[in-house]
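*Asks:* 3D, please:
(one chain, ligands or ions: 3)
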Amino acid sequence: TKWVYSFGSGLNEGRADMRNLLGGKGANLAEMAANGLPVPPGFTITTEVCSAFYENGRKYPDALKAQVDAALQRIEQSMGLRFGDPEAPLLVSVRSGARVSMPGMMDTVLNLGLNDQTVEGLARSSGDARFAWDSYRRFIQMYGSVVMGVPHHHFEDVLEQFKRANSVEDDTAITAGQWRAIVVDYHHIITTHTGAEFPTNPQDQLWGAIGAVFGSWMNPRANTYRKLHEIPASWGTAVNVQSMVFGNMGDDCATGVCFTRDPSTGENIFYGEYLINAQGEDVVAGIRTPQPMACARAEAGQHPMETALPQAYGELLRVRSLLETHYKDMQDIEFTVQRNVLYILQTRNGKRTAAAALKIAIDMAREGLITQEEAIQRVPAASLDQLLHPTLDPKAERVQLTRGLPASPGAAAGAVVFTAEECEARAAKGEDVILVRIETSPEDVHGMHAARGVLTTRGGMTSHAAVVARGMGRVCVAGAGSIHVDYAAGSLNVGSHTVKEGEWITLDGGTGAVYLGRVPTIEPVLSDDFNTLMGWADAVRRLGVRANAETPEDARTARRFGAEGIGLARTEHMFFGPDRIGFVRQMIIADEESVRQKAIAALLPFQREDFASLFRIMAGLPVTVRLLDPPLHEFLPHAEAEMAEVAQALGKSVDDVRTRCAALAETNPMLGHRGCRLGLTSPEIYAMQVRALIQAAVMVEKELGKPIHPEIMIPLVATKAELATTRRAAEDEIARVLKEEGTNLNYSIGTMIELPRAALQADQIAEYADFFSFGTNDLTQTAFGLSRDDAGSFLPYYVDHGLLPRDPFVSIDRDGVGALVRLGVERGRQTAPDLKLGICGEHGGDPDSIAFFDEVGLDYVSCSPFRVPVARLAAAQAAL
Ligand code: ADP
Ligand code: MG
Ligand code: MG
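*Replies:* Ligands and ions are numbered 1, 2, ... in the order given. Below you'll find the predicted structure:
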């Protein structure tokens, strides 16, 4: 077996597409060397050696040693130096490199091959003793900490102490003699902490470092990182051994890191940092202040590389364009300049912000570097979220109070309030408010709507607060467990710190951070690039994209973001308005039919106006209205004053009202008296909703002179009979309204598929449905037998311990819940080939789930308004 691949020594055995075998770093070093770029010669020990090493009880394959020796000889020949030569030693770096870059892996060891003899040879052959001893002390420190496990700070302490005692500020001012003394101390540190001598034989050093790289593959930090990022342990890491080039040989030497474009804005400008007379990671280590690359980017007093090292800079500009053209993506390049000669030590696709990803993709497509399809694939769909919300001003100072879960993105500042009522009252006066609750319930929705942001101390990413806030585009930090809320005192505490009602806090829903006071935010601007990308995405996607929206504001947002209709308008959210909740309560509690009918009649105009405003905003696009879904007790009064109010309106005693409320309580409301069960037992509620809907449609159709096509959706259907009966009742009511209005209307009636039985019986149910909308939230709850509101106490454990790959409420469980969806699609279409099929759960905005919905052949997804662009892009990516 071939275990070792050479590069840059007149032989380039690897290529960029061999990253699985050679790791990302090794594959790209070979690719660059083969393309004539100045890469110091070296070789890569493959990831297969790593796997073999662990399979054979931490032993190397037999042939490895000979292959390494041969490859090392090639480097020696090409450099004209010998490894361990006391006169003019070849030095190498040993660098780890997995398929994907992985923090937690072994750090790089530089200057390997030095010992008390070779350092003298290096001093002589280079004519620079300071450089030689600087390299040696670096090597002992790196090898000592990385390979021998001596904590870093012991070395740093010695150096700091030395600098203080000798009044030296800059490492570069330390002389050869001084470094020599420090090296003696470093040797002491090693023997004190390990009880062993520092290895003097370069071969021992080399195999020690190689062993440390392979050993680090299974260290706890690397294991944790792999688990978090779903990287299989079987991939293994490669090891790169490479001839050293030196950036620490004087003022015509340097080391640096650069990006072919600006990684934070995406602008097509050369961006990066470098340091004169430095080595390795000094640039990121913060020992000295790095300098900019280009004059155009330099501020007064800085020393851009363009003027300091013009020759190497010119060469680097050439490499910049070569690499970008070659890799067709923004590159992150590590380089070193040795005596005015440039060497490239690494290139990879650069990490970037969402804004930069967007700009770079569009620019590169325009420059002809990539196709439009590639540009669509280049922007991570989920990252668009970041572009649509205000963010904290990066320059602003901030004091963090605590942290919770990043439940809904964006940044918001406001005065703390603890009740939905107070929230609404203050917001009505134009105040910015943050609603703080232990957890939220449907009753708080109007307060959440009025708030700039929502903070809860309990609940996870799919808690009520999180789902509703995402839906409304409100910032939300959920489950900030270190906060203690004292409703009675009107304050919250974190440790000894108290924030009272009315005091300001700032939430960062993108990170989960909570800050004291007001941290300034900046508004998002939807760039032309954004619209361009959306246009390209729309041209290739097959799936339609609608929004879940019931308020005019949400509906407008949805359209602004390009929704092609409303896939779910939840009528229950309309019931909580302060002007209607009273009638809703009377409707539920009244026991006399006439009183009840009066309350229902009072609700009708409200509902009609709700629907009409949605129809107006959507201007002819389809609008799916779901009839009342939650159990009635959710609307009941709790506070004494509310009870009294209802009692008075109904001419009953408060006790009567309380008894009636208690009677409506359910043990397991999620599986209780809700959805179409309610519609069947209290048909007058659905009749009112249908009437309001049809009247509104007729009205707006006349207003706009455009056909309005309402879609009536029946929730929680399990059997064909339920749908058949509910449908017939709705059709009767529609016929009555249309007769009264003396007109006709195109409408359709369909159902949610959100119970496993409904999915299994989809062929039967389809006889009575014009469309299906998969309610994947409830379908996930019912398929798993798992309550979303209670899952917070064990679901994270499942995910942490690999019992579930992901939270099934965030990304659809393809094997189980997804199988039900697939079955529902097949059986539904068996009966009705034209059946329109959509999905309206949280999954409608999740890119991975969208790919699945595309695959099973749904017609559209419906998601919260702020996720519409995400869904449009994800749908395009799924189609490509
Ligand atoms: P990481 O994966 O952490 O980026 P690298 O293996 O890229 O680690 O090494 C870090 C730095 O060490 C490089 O950016 C470069 O500055 C320096 N370095 C690595 N190998 C060499 C070498 N052969 N010659 C000079 N510098 C090197
Ligand atoms: Mg590093
Ligand atoms: Mg690197």
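*Asks:* make it CA atoms for all contacts and neighbour counts henceforth
*Replies:* Noted.
*Asks:* number of residues surrounding Ile685?
*Replies:* Ile685 has 22 neighbouring residues, counting by other Cα atoms under 10 Å.
*Asks:* who's in contact with it?
*Replies:* 600, 628, 679 (Cα atoms under 8 Å, 6 or more residues apart in numbering).
*Asks:* quick one: secondary structure of the residue in the stretch 401-550 of the chain positioned nearest to ligand 1?
*Replies:* For the stretch 401-550 of the chain and ligand 1, the shortest gap (Cα to the nearest ligand atom) falls at Thr511, measuring 25.2 Å. Three states are possible here, and by DSSP: H, G, I helix; E, B strand; the rest coil the one that applies to Thr511 is coil.
*Asks:* check Met643 too.
*Replies:* Taken by three-state DSSP, the conformation at Met643 corresponds to helix.
*Asks:* that one against Arg658, yeah?
*Replies:* Yes: in this structure Met643 lies within contact range of Arg658 using Cα atoms under 8 Å: 7.2 Å.
*Asks:* now Pro669. Nearest residue, chain neighbours left out?
*Replies:* Closest residue to Pro669 in three dimensions, ignoring its sequence neighbours and counting by Cα to Cα, 6 or more residues apart in numbering: Pro631, at 6.6 Å.
*Asks:* how close does the one you found sit to His843?
*Replies:* When Cα to Cα, to the nearest Å is applied, the distance between Pro631 and His843 equals 23 Å.
*Asks:* more neighbours: which of the two?
*Replies:* Set side by side, Pro631 and His843 show unequal neighbour counts under other Cα under 10 Å, the larger going to His843 at 25 against 20.
*Asks:* helix/strand/coil for that one?
*Replies:* On the basis of three-state DSSP, His843 is classed as helix.
*Asks:* contacts only, for it.
*Replies:* When contacts are counted by Cα under 8 Å, 6+ apart, His843 touches 776-777, 809-812, 849-850, 863.
*Asks:* tell me the contacts of the residue in the stretch 1-150 of the chain that ligand 1 sits nearest to?
*Replies:* For the stretch 1-150 of the chain and ligand 1, the shortest gap (Cα to the nearest ligand atom) falls at Arg95, measuring 4.2 Å. By Cα under 8 Å, 6+ apart, the contact list for Arg95 reads 107-109, 213, 239-241.
*Asks:* closest one of the residues you listed to Ile712?
*Replies:* Of all the contacts of Arg95, the one sitting nearest Ile712 is Asp107; the distance, using Cα to Cα, is 60.9 Å.
*Asks:* the closest one contacts Val146, doesn't it?
*Replies:* Yes: in terms of Cα under 8 Å, Asp107 counts as a neighbour of Val146; the distance is 6.5 Å.
*Asks:* the residue of the stretch 601-750 of the chain found nearest ligand 1: what secondary structure?
*Replies:* Of the residues in the stretch 601-750 of the chain, the one nearest ligand 1 is Met670, at a distance of 50.7 Å by Cα to the nearest ligand atom. Counting by three-state DSSP, the backbone at Met670 sits in helix.
*Asks:* so where's the protein uncertain?
*Replies:* Applying pLDDT under 70 to the chain flags residues 104, 284-287, 461-462.
*Asks:* and Cys661, which of the three is it?
*Replies:* Cys661, by the three-state scheme (three-state DSSP), is helix.
*Asks:* going forward, count from 39.
*Replies:* Sounds good: first residue 39 from here, last item Cys699.
*Asks:* Ala276 is in contact with Thr85, correct?
*Replies:* Yes: using Cα under 8 Å, Thr85 and Ala276 qualify as a contacting pair, with a distance of 4.4 Å.
*Asks:* what do these two both touch?
*Replies:* With contacts taken as Cα under 8 Å, 6+ apart, the residues that reach both Thr85 and Ala276 are 59-61, 136.
*Asks:* could you pick out which of these are located in helices?
*Replies:* Secondary structure from DSSP state H places 59-61 of these in helices.
*Asks:* quick check: residues of the stretch 89-238 of the chain near ligand 1?
*Replies:* Proximity of the stretch 89-238 of the chain to ligand 1 is assessed by Cα under 6 Å from any ligand atom, with 130-131, 133, 145-146 identified as the residues in range.
*Asks:* tabulate these (a markdown table), appending distance to Ile228.
*Replies:* Formatted as a markdown table, the entries for these read as follows, by distance: Cα to Cα, whole Å:
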| residue | distance to Ile228 |
| --- | --- |
| Val130 | 21 |
| Ser131 | 20 |
| Arg133 | 22 |
| Asp145 | 18 |
| Thr146 | 18 |
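*Asks:* report the two of these separated the most.
*Replies:* Of all pairs drawn from these, the one with the longest distance (Cα to Cα) is Val130 and Asp145, at 14.3 Å.
*Asks:* how many neighbouring residues does the residue of the stretch 639-788 of the chain closest to ligand 1 have?
*Replies:* The tally of other residues near Met708 (other Cα under 10 Å) stands at 17.
*Asks:* quick one: the strands in the stretch 39-188 of the chain?
*Replies:* Ranges of strands in the stretch 39-188 of the chain, per DSSP state E, counting those that start in this stretch, are 42-45, 80-83, 120-121, 127-128, 130-136, 147-150.
*Asks:* so of those strands, which one's packed in deepest?
*Replies:* The highest mean neighbour count among these, using mean count of other Cα atoms under 10 Å, belongs to strand 80-83: a mean of 30.
*Asks:* that one - contacts with which helices or strands?
*Replies:* Helices and strands touching strand 80-83, by 3 or more Cα pairs under 8 Å, 6 or more residues apart in numbering; DSSP states H and E, are strand 42-45, helix 57-72, helix 102-117, strand 275-281.
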